[in-house]
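Enquirer: Can you look at this prediction? I've put the sequence above it.
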Amino acid sequence: MKHILKQSISGAAGMALLAVCGGAVGTASAEESLTIVSWGGVVSEAHRKSFWDPFTEESGIKILDDSFNGELSNIRAQVESGTILWDIAEPEFAEAALGCEEGLFEPLDTSIIDVDDIPAAHVTRCSVTSLLASTVLAYNAAEFEGEGPRSWADFWDVDRFPGRRGLNFSVTDTLIVALLADGVAVDEVYEVLETKDGQDRAFAKLDELRDHIIWWRSGTEQIQGLLSGEYVMAAAWNGRVASAAKTEGADLAMAWEAGHILTGNQWVVLKGSKHKAAAMGFLAFALRPEQQADFMNGIDYGVISRKAHELISPERLAIMPGNPALEDDAVPPNANFWLNNFDTLNERFLAWASR
Amino acid sequence: MSFLSPGRTVRPGDSGLQTLIAVGTVRMFAKNAHIALPLMPALLFVVFAFLLPILWFLSQATNGRPVVSVIPATAEAIAGWDGVGLPQDDVFEALVRDLTQAEPADVASLARELNFRQAGNRRLILQAARELEADLGGEARARLEAINGAWASPEIWRVIRQSARTFTTYNILESLDLEAGPDGGVSVKPVDDRLFLGVYARTLTISLTVTVICVLLGYPLAYAVANAPARTAAILMLLVLLPFWTSLLVRTLAWMVIFQRQGILNGVLIEAGLMSEGLQFLRTRFAVIVSMTHIMLPFVVLPLISVMKKIPPNYMNAAESLGAGRIRALVSVYLPLTLPGLSAGVVLVMTLSLGFYVTPMLLGGGGDQMISNLVATFVNRSLNWGLAAALGLWLIVFAMAFIAVVGGTLSSKKWAVS
């Protein structure tokens, strides 16, 4: 109920409010400002340091920020009601592609945004990759006397590595690691997952691990589980693991060679944004190699700009998703597969997890 | 926003009735202005920020307009198809016309809507729209079938037929794990495909369990508070209210700290020598029930205290002086008098529990998710608001049915000793 309420208030009541006090909203901003929604926590902090504050300094345009969990529902409600609260958002690949198709975003102004340096897979008509992350096999090295797990097959091997496993309560990563554990190569994962047999294979593999899985649901929870011993290894986000290893002094390790799932966010400008020009200006600024390199030095997430890769130290680059050297072990992003199959596979996954 | 547009509420036929109602409302308002005026802000707030958005959202459960508005001609033509074999030529022609005329953004939403029904439909629609645009001319049926063989089989057409209705029952059926066959008959899905019935049953079981435990714990507690000396009562009352003032999220997180593997509970158990290794408490049904009971307890205790305080102590003395034992007096005199408070508490706990979201999400495992968790998924991740609305609709129906039943059976009049 809480969600229905929240959604309908943000959606319907937003529209009702607009109808009541229509004019006032549009004319309120005398001083130019941009509202950018990102993911909160360390991610937003890094954005502020490398993109938002330097941009304000250079252009005089103030940045207001908000945070979300990548959901398109809020953006859709804003665009459909014409009450645009956010100018720039940072959804994940699949949501960015879907919103682009449905006309929720403005096309990129490529006359000022330099996209030559960016691989074609990371720039669309209305979105450009802002951040790259990987879901990796992470483990608490303190839990193992000898060598830790080296592959997803080890992750499934509860006899050799006793203890529970932390997995994201989400169909996407879960099915992929199940196939990796079953011996599917990183570049064949989606080929297998396309077929009914491949889907059955992934769920059958999950059945083997069922009693040992603890589900995590947020960036902080995944780390908390590793630190508190709730589970000894997890499929976790590389940036969160690295930052926890640094700040908590925990002995967390990552097995990149097991195969990691490359994922990321993209910047989009909401359709009907009243500060469209400033928003495009911001994207052009944020994509400069110097800003992108600064971002990678501030947080353990990668960026797509190849020129930026040359500006950071080789040691840092070695743990950056998006680094070509890590590409051989990466399951590449596939927004289109999930747009076609998410609903059906998600329902099957929820039913499976419910049993 | 249908409820905001005046064109929908005033119809030519019922203007007389409307006038009557309007006049009646104005008269009633004028007569009771001293009550109505101070109520207006609250009333308007409830109507505009609560009732209308909820009604609007729930109406999405049966709203087929997102599909019909993109392919209006197809919707009209396919209504004449009986669902057997393939549709007639005019349906193919209508779809080709609709898809070539629709805006790309609308085609994308149509593709998303139809993909909820079956994976692959999105690709089918987007591909058809794209290729039809590139190549004009030719017979509609042949063109579509050449683009993708799937257009030559009835499945996609059945999905379109079922979805392209202004009033669609698809989401209502889906939310109950039902499916409509080609002939229109409704049947329950195969066991492996069922999802929602089990989660509804679980939601009800968890809510009922929490309600029963709350009553068993709360009744004696309320009795103690109501009958304690003033100072003790004040302290006990504070203890009941203190958690009530803390946010639900904070209390849930506190239970996480207690229940986790190296948490307080396991620490105490190991320290006491009861076990050598920590038990799994977090991500279990046990954790969900304990935490929900803790959160819900004040909702049953507070109404009970207020009712119990109003029961004169000499009623019990009177019962005992007439020969009733202590227990008989409690059951026949005291209990019936507390029923209004008890039913208020039970209704509050039950209806609030039905909608729990954060607690099962953070403390429960995959098998402890309640219906709200699914609603959240469908609203935020799938953008399947129709299905989310249908799921929410049943939750409201459950809550109302429960209120009706409890209101009926626990009313004190029926139980009062004659």
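Expert: Good, I have the coordinates. Numbers count the residues shown, from 1 in each chain, chains lettered A, B, ... in the order given.
Enquirer: Scan the chain for its longest helix.
Expert: By default, I'm working from chain A. Taking DSSP state H as the criterion, chain A has its longest helix at helix A:335-354.
Enquirer: Chain B, not that one
Expert: In chain B, taking DSSP H as the definition, the longest helix is helix B:196-227.
Enquirer: Could I get the contacting residues of the residue of chain B most remote from its centre?
Expert: Distance from the centre of chain B peaks at B:Ser321, with 50.3 Å (CA atoms, centre = their mean). If a contact means CB atoms under 8 Å, 6 or more residues apart in numbering or on different chains, then B:Ser321 has no contacts. Glycine gets a C-beta too; all of them are placed from N, C-alpha and C.
Enquirer: Number of residues surrounding A:Phe203?
Expert: 16 (other CB atoms under 10 Å in any protein chain shown).
Enquirer: That one - that's part of a helix, no?
Expert: Yes - applying DSSP: H, G, I helix; E, B strand; the rest coil, one finds A:Phe203 inside a helix.
Enquirer: hey, where'd the helices end up in the stretch 251-355 of chain A?
Expert: Assigned by DSSP state H, counting those that start in this stretch, the stretch 251-355 of chain A shows helices spanning A:276-286, A:289-298, A:306-309, A:314-317, A:335-354.
Enquirer: which ones are touching B:Val84?
Expert: Taking CB under 8 Å, 6+ apart, we find B:Val84 in contact with B:Pro154, B:Pro182, B:Asp183.
Enquirer: What subset of these is buried?
Expert: Among the contacts of B:Val84, not one counts as buried by 16 or more other CB atoms under 10 Å in any protein chain shown.
Enquirer: Can you give me the buried ones in the longest helix of chain B?
Expert: B:196, B:199-200, B:202-204, B:206-207, B:209-211, B:213-215, B:218-219, B:221-223, B:225-226.
Enquirer: just stretch A:100-110 next, same as before
Expert: By neighbour count on 16+ other CB under 10 Å, the buried set for stretch A:100-110 is A:Cys100, A:Glu101, A:Glu102, A:Gly103, A:Leu104, A:Phe105, A:Glu106, A:Leu108.
Enquirer: can you tell me the average pLDDT over that stretch?
Expert: The average pLDDT within stretch A:100-110 is 93.
Enquirer: Tell me if that stretch is near chain B.
Expert: Yes - applying CB under 8 Å from any CB of the partner chain, one finds stretch A:100-110 touching chain B at A:Glu101, A:Glu102, A:Gly103.
Enquirer: Tell me the helices and strands packed up against the longest helix of chain A.
Expert: helix A:93-101, helix A:171-181, helix A:189-194, helix A:196-209, helix B:104-117, helix B:121-134, helix B:196-227 (3 or more CB pairs under 8 Å, 6 or more residues apart in numbering or on different chains; DSSP states H and E).
Enquirer: switch to 6 Å and redo it
Expert: Contacts defined by 3 or more CB pairs under 6 Å, 6 or more residues apart in numbering or on different chains; DSSP states H and E place helix A:335-354 against helix A:93-101, helix A:171-181.
Enquirer: and the helices of the stretch 251-355 of chain A as TSV, adding mean pLDDT and mean neighbour count?
Expert: Output for the helices of the stretch 251-355 of chain A, formatted as TSV (pLDDT from 0 to 100; neighbours: other CB atoms under 10 Å in any protein chain shown):
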stretch	mean pLDDT	mean neighbour count
helix A:276-286	96	20
helix A:289-298	94	19
helix A:306-309	91	19
helix A:314-317	90	13
helix A:335-354	92	20
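Enquirer: Out of those helices, flag the one nearest A:Asp197.
Expert: helix A:335-354 (14.0 Å; CB to CB).
Enquirer: ok, back up a step: quick one: the longest helix of chain A to chain centroid distance?
Expert: On the basis of CA atoms, centre = their mean, to the nearest Å, helix A:335-354 sits 18 Å off its chain's mean C-alpha point.
Enquirer: One more: stretch A:265-281?
Expert: Between the centre of stretch A:265-281 and the centre of its chain there are 19 Å (CA atoms, centre = their mean).
Enquirer: again with stretch B:245-265
Expert: Between the mean C-alpha point of stretch B:245-265 and the mean C-alpha point of its chain there is a distance of 26 Å (CA atoms, centre = their mean).
Enquirer: Other residues contacting it?
Expert: Stretch B:245-265 is contacted by residues A:Ser228, A:Gly229, A:Glu230, B:Gly278, B:Phe281, B:Leu282, B:Ala287, B:Ser291, B:Ile295, B:Val358, B:Thr359, B:Leu362 when judged by CB atoms under 6 Å, 6 or more residues apart in numbering or on different chains.
Enquirer: Stretch A:86-94 too?
Expert: The contact list for stretch A:86-94 (CB under 6 Å, 6+ apart) reads A:34-38, A:70, A:75, A:130, A:265, A:267-270, A:273, A:275, A:279, A:333, A:335, A:338-339.
Enquirer: And whichever residue of the stretch 101-250 of chain A sits closest to chain B, how far from A:Ser273?
Expert: Nearest residue of the stretch 101-250 of chain A to chain B: A:Gly103, at 3.0 Å (CB to the nearest CB). According to CB to CB, to the nearest Å, A:Gly103 and A:Ser273 sit 14 Å apart.
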